[in-house]
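Undergrad: output the structure for:
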Amino acid sequence: EKGQDKSWGINYQTIFSDSTFMEVRYTGFTVWDDYLSETGSTEPGYADYAPPGGGPAQYFGGLIYPWTYDTTSDRVTATVTHFADDWLAGDHDFKFGVQASTGVAKTLIQPSATGAYYTHYESYYYYGYEYPYYYKVEGLPYWYGNEQDAVGVFVDDSWRISDNLTLNLGVRYDYHNGVIPSYPRLNPDSTPSGEVIPGADPVFTWNNISPRLGFAWDVGGNSKTVIRGSFGVYYDGNVGGNWNAPAIDTPGLQAYWGPSWDGPWSDEPWWTWSPGEGVNVDPDLKAPQTLQYSIGFEQAIGANYAFGATLLYKDTKNLVGWEIMDDGVYEDMPWTDPFTGDQYTLLNPIVNPTVRKGNKPGYTVDGFIDEYWHCLLYTSDAADERGGG
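TA: Model prediction:
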């Protein structure tokens, strides 16, 4: 894999008066990143997940899923800061700003240079006979990507009400627009077929408002003990990689079974995969949102030292990931965890469900789940001794 990143920027500052100044900044970047054969191989790719004699998987032939990736982005930010002393019941430090950005990402991907790759898995036994099984997986190359625009406007005020109390007030508005552009349908050799796959404009539009509130209280009025607290609403930026794949009308895959690398291959596909023909994104997709709370203090110790502590709490919702629709057909499949020996009943799909990008996992072995969750896991010998982990 090889790539190159180029970034640039220019910054302009001007002082209007002893209480007002402005800053304007432009930044941009362009990236190309390619996973292609270094030898120019046009062979199919082979993956042996059960090589003779055991050991890790072995790969040979050409690449499996070679791709090229290109992306660009441009952003302009302008801010004005104004100090207003003894105005509206105190001193104010205002900051006004506007941001505008645009970006494009585009990926060309294919199963292999020939449109097919081969895999070998462990053998299975049936009535005392060993049957190694190999797959030939076929699929067409295709483009996927996204275009996006964003505009943000914000205002902040650091309001010093008295000598020992300062409030920080702010609000921000963000507009995000996500688009899947039209791409040509490709032939097996990655040349355009003459047919165009229509895109979606827009896939979604977000209008997010983010209020902020904070305070700093000098308890004794001598700057030795300060208590700080804040609350804010934060939204993720529009990350195109969260929702731009699978692309509209992505070519499916067909796998054929065989007893060796050379086949012969089954007449009918052993399994198939297709992400569907429409837009694989929830039309009501929401931006991930975090509510953040904090409280803390700082204590001066003598003339040269200080001690502080802050408690921070975050509550996040609307994470973006795969959402499984409740339209599949399943059979129960017992499974034993090889590490713990615990037994579970999983679901083996007889008819694959529809899968799209959304804000919830959807249908699972535990029923319908309407939100993602994630956690941090810390482990140590001491934790193990306490029964934790």
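Undergrad: what segments of this structure are helices?
TA: Under the criterion DSSP state H, the chain contains helices at 381-385.
Undergrad: helices and strands of it: which one bottoms out on pLDDT?
TA: helix 381-385 (a mean of 39; mean pLDDT, DSSP states H and E).
Undergrad: in the protein, which residue is most central in space?
TA: Asn242 (4.2 Å; Cα atoms, centre = their mean).
Undergrad: which residues are in contact with Ser223?
TA: Residues in contact with Ser223 (Cβ atoms under 8 Å, 6 or more residues apart in numbering) are Ala300. Placement of C-beta: from N, CA and C, glycine included.
Undergrad: ok, now which ones touch the residue nearest to the centre of the chain?
TA: Val320, Lys357.
Undergrad: cutoff 6 Å now
TA: Val320 (Cβ atoms under 6 Å, 6 or more residues apart in numbering).
Undergrad: for it, give its distance to Gly145.
TA: 13 Å (Cβ to Cβ, to the nearest Å).
Undergrad: same deal with Gly328?
TA: 28 Å.
Undergrad: same thing with Gln13?
TA: Taking Cβ to Cβ, one finds Gln13 at 36 Å from Gly145.
Undergrad: how about Leu312?
TA: Taking Cβ to Cβ, one finds Leu312 at 36 Å from Gly145.
Undergrad: which one of the two has more residues nearby?
TA: Gly145 (22 against 10; other Cβ atoms under 10 Å).
Undergrad: which pLDDT does the model give the more buried one?
TA: Gly145 carries a pLDDT value of 95.
Undergrad: bridged to the residue nearest to it when sequence neighbours are not counted, which residues?
TA: Nearest non-adjacent residue to Gly145, counting by Cβ to Cβ, 6 or more residues apart in numbering: Lys106, 3.9 Å away. Beta-bridge partners recorded for Lys106 (DSSP bridges): Asp70, Gly145.
Undergrad: I'd like to know how many residues surround Lys106.
TA: Around Lys106 there are 17 residues (other Cβ under 10 Å).
Undergrad: please apply the same query to Asn359.
TA: 21.
Undergrad: state the distance from it to Gly241.
TA: 16 Å.
Undergrad: try Gly194
TA: For Gly194 relative to Gly241 (Cβ to Cβ), the value is 29 Å.
Undergrad: which one of those two has more residues nearby?
TA: Each of Gly194 and Gly241 has its neighbours counted (other Cβ under 10 Å); Gly241 has more, 12 against 8.
Undergrad: and the pLDDT at that one?
TA: At Gly241, pLDDT is 91.
Undergrad: number the chain from 29, please
TA: All right, first residue 29 from here; so that's Gly269.
Undergrad: where does the stretch 229-378 of the chain have low pLDDT?
TA: 304 (pLDDT under 70).
Undergrad: pairing partners for Asp187 in the sheet, please.
TA: Small correction: residue 187 is Trp, not Asp. Those that pair with Trp187 in a beta bridge, by DSSP bridges, are His120, Leu195.
Undergrad: make that Gln317, sorry
TA: Tyr263, Lys345.
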